[in-house]
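J.: Below are the sequence and a predicted model for it; my questions follow.
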2 protein chains.
Amino acid sequence: MNAVTPEQITRSALASFAGAPDERTREVSQAIVKHLHAFVAEVDPSPEEWMGALEFLTRVGQKCTPARQEFILLSDVLGVSMLVDTLQQPGDDGVTESTVLGPFYVEEPPVAEQGANIARGEDGIPLWIDVQVTDNAGDPLPGAVVDIWEGGADGLYDVQRDLPDGEYDLRGRFRADGEGRVKCWAVVPVSYQVPADGPVGDLLAATGRHPWRPGHVHFKIAAEGFAPLVTHLFPSGDPYLESDAVFGVKPSLVIDLAEHGTGEAPEGRQMDRTWKSLSYTFALSRA
Amino acid sequence: MNAVTPEQITRSALASFAGAPDERTREVSQAIVKHLHAFVAEVDPSPEEWMGALEFLTRVGQKCTPARQEFILLSDVLGVSMLVDTLQQPGDDGVTESTVLGPFYVEEPPVAEQGANIARGEDGIPLWIDVQVTDNAGDPLPGAVVDIWEGGADGLYDVQRDLPDGEYDLRGRFRADGEGRVKCWAVVPVSYQVPADGPVGDLLAATGRHPWRPGHVHFKIAAEGFAPLVTHLFPSGDPYLESDAVFGVKPSLVIDLAEHGTGEAPEGRQMDRTWKSLSYTFALSRA
């Protein structure tokens, strides 16, 4: 009997995509077949295991709503989102490292003035953010557009809460001043769990992983003639810096916050509690 | 700047699964990371391409209903279902080759008598099926349970049509006689398209592939002390034998049908049109 071998099936599947009209489509679809078949040949799944995998992926797809993208979360916890991001990162000397955009970015965030407080409520430790945008030689980039967003003291982003339409919290778009600087009030970010009540949460539990991310503030920076930069800053000392569920931490993005006492604070705020401040320079790569 | 490399991200993602409590879970999850990261590192997707891939997978999951499993179809058209099946196939000499179960099998199909006609209607060319179940030395296996199912002359299976609950067409469970034989009337199968109105159909179209399968009859055979056999038989001459959309064809499963004229036919049928017959011996592997 001329038994068909696993290798022949892989060759047939590769050949079936050889006629793809677009070269990139052909390259990617054949790479999918090559790597997926290599995975299957290595683990040799039972039919029940393979069906379980397909049912898992089905549950991931069916968990998705306009407000919840479970496949991005799966990509995140497998380290693929960070890998895609890092492969795209320009390798120039002195350029700030990137990290993932995450699911909580809002296109066209509310425009905010220099020095504004983007926290609606009183919860959390006040944080003074003072950052500068430069090129990789350290020359400032006046007019750079800097989007800043973070979760609140409860670990939730505004889009995860029930705010009235068009209202935001801890989110703003700033324009850098003549020295490339942006300053504002926010809150000290806290560690929080990625959404763990779906199939990706089940995967983490089944593999003995936790769903925590260390606290961080997001930045998305655009300046004409430069590659956009999407990154986070992570306050040092967070217990999850070494085990971020989505692998977003890079040592160069971990910073010490300065601590301050009560009394006069920037923008004339009178503080009756202690507060912290963050200072960082983002260096962009020429496009 | 201590830039984090793509290789470090892959190592971190692998390490995150090292504590999985179950050894198989750890092995499989680390293999997923290894092969998925190798794929991503090879194709270096743009963020837009990767987001497109996640949106495609989301659409696949959201297309699934109790009657439509789009992820199985994706696995099928990538050749993975056949690969899983073939890797599991016992390699014994003389054992009939397997192929995929497909999405149209019904658990506990309707029990049918030897010689019965499992076609409800008059459409299609009548097909006399006469098969024997043996071990791989050719000794018959009396009492083997043989499930037979196929699509109709319109290319649709009963579960794709609107039949009353509990009613079936072209589907039956037979018990082999003292010689290990099963005989019944059905219809000559025709080539048909896999469901192409969803994201998997879009993938086939984008890569220049057609959605056709060559006509076939499904068999699922169980006999005590033997490994179950799931396979198809494909009548020769079908235009899609060389390009089955799901890679299910194996040369040993392609058979010539015998052609017959009008008049007396098996089971006392008086035929006023020509009909065909199929004969095959299924050899099972000892469990």
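T.: Received, thanks.

J.: and A:Ala112, how many neighbours does it have?
T.: By the criterion of other CB atoms under 10 Å in any protein chain shown, A:Ala112 has 20 neighbours. Just so you know, the C-beta spots here come from the backbone N, C-alpha and C atoms, and that holds for glycine as well.

J.: Identify the residue spatially nearest to it, adjacent ones excluded.
T.: A:Gly172 (3.3 Å; CB to CB, 6 or more residues apart in numbering or on different chains).

J.: can you check A:Leu278 too?
T.: The nearest residue in space to A:Leu278 (CB to CB, 6+ apart) is A:Ile129, at 5.1 Å.

J.: OK, contacts around the spatially closest residue to A:Gly151 that is not a sequence neighbour?
T.: Nearest non-adjacent residue to A:Gly151, counting by CB to CB, 6+ apart: A:Tyr157, 4.9 Å away. A:Tyr157 sits next to A:104, A:149-151, A:170-171 when contact means CB atoms under 8 Å, 6 or more residues apart in numbering or on different chains.

J.: for A:Tyr157, phi and psi?
T.: phi -80, psi 160 (degrees, to the nearest 10).

J.: Which pLDDT value belongs to it?
T.: Each residue has a pLDDT score; the one for A:Tyr157 is 94.

J.: circling back: the residue nearest to A:Leu278 touches A:Ile148, doesn't it?
T.: Yes - in this structure A:Ile129 lies within contact range of A:Ile148 using CB atoms under 8 Å: 6.8 Å.

J.: shared neighbours of those two, anything?
T.: A:182, A:184, A:186, A:217.

J.: The third one: which element?
T.: Of the helices and strands defined by DSSP states H and E, A:Ala186 is found in strand A:181-187.

J.: Distance from that strand to the middle of the chain?
T.: 20 Å (CA atoms, centre = their mean, to the nearest Å).

J.: mind listing the helices in the stretch 1-150 of chain A by residue range?
T.: Per DSSP state H, counting those that start in this stretch, the stretch 1-150 of chain A carries helices over the ranges A:6-16, A:23-43, A:47-63, A:70-77, A:80-88.

J.: can you redo those helices as a markdown table with mean pLDDT, mean neighbour count and distance to chain B?
T.: As requested, those are exported to a markdown table (pLDDT from 0 to 100; neighbours: other CB atoms under 10 Å in any protein chain shown; distance: least, CB to the nearest CB, whole Å):
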| stretch | mean pLDDT | mean neighbour count | distance to chain B |
| --- | --- | --- | --- |
| helix A:6-16 | 97 | 18 | 3 |
| helix A:23-43 | 98 | 18 | 4 |
| helix A:47-63 | 97 | 18 | 1 |
| helix A:70-77 | 96 | 24 | 4 |
| helix A:80-88 | 95 | 23 | 5 |
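
J.: would TSV of the ones you listed with distance to B:Ala258 be doable?
T.: Below are the helices of the stretch 1-150 of chain A laid out as TSV (distance: least, CB to CB, whole Å):
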stretch	distance to B:Ala258
helix A:6-16	30
helix A:23-43	38
helix A:47-63	34
helix A:70-77	51
helix A:80-88	54
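
J.: Out of those, which is closest to A:Ala119?
T.: helix A:70-77 (26.0 Å; CB to CB).

J.: circling back: would you turn the shared contacts of A:Ile129 and A:Ile148 into a markdown table with distance to B:His232, pLDDT and neighbour count?
T.: A markdown table is the format used below for the shared contacts of A:Ile129 and A:Ile148 (distance: CB to CB, whole Å; pLDDT from 0 to 100; neighbours: other CB atoms under 10 Å in any protein chain shown):
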| residue | distance to B:His232 | pLDDT | neighbour count |
| --- | --- | --- | --- |
| A:Val182 | 65 | 98 | 25 |
| A:Cys184 | 66 | 98 | 23 |
| A:Ala186 | 63 | 98 | 24 |
| A:Val217 | 58 | 98 | 24 |
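
J.: nearest to chain B, of these?
T.: Closest to chain B out of the shared contacts of A:Ile129 and A:Ile148 is A:Val217 (18.8 Å), distances taken as CB to the nearest CB.
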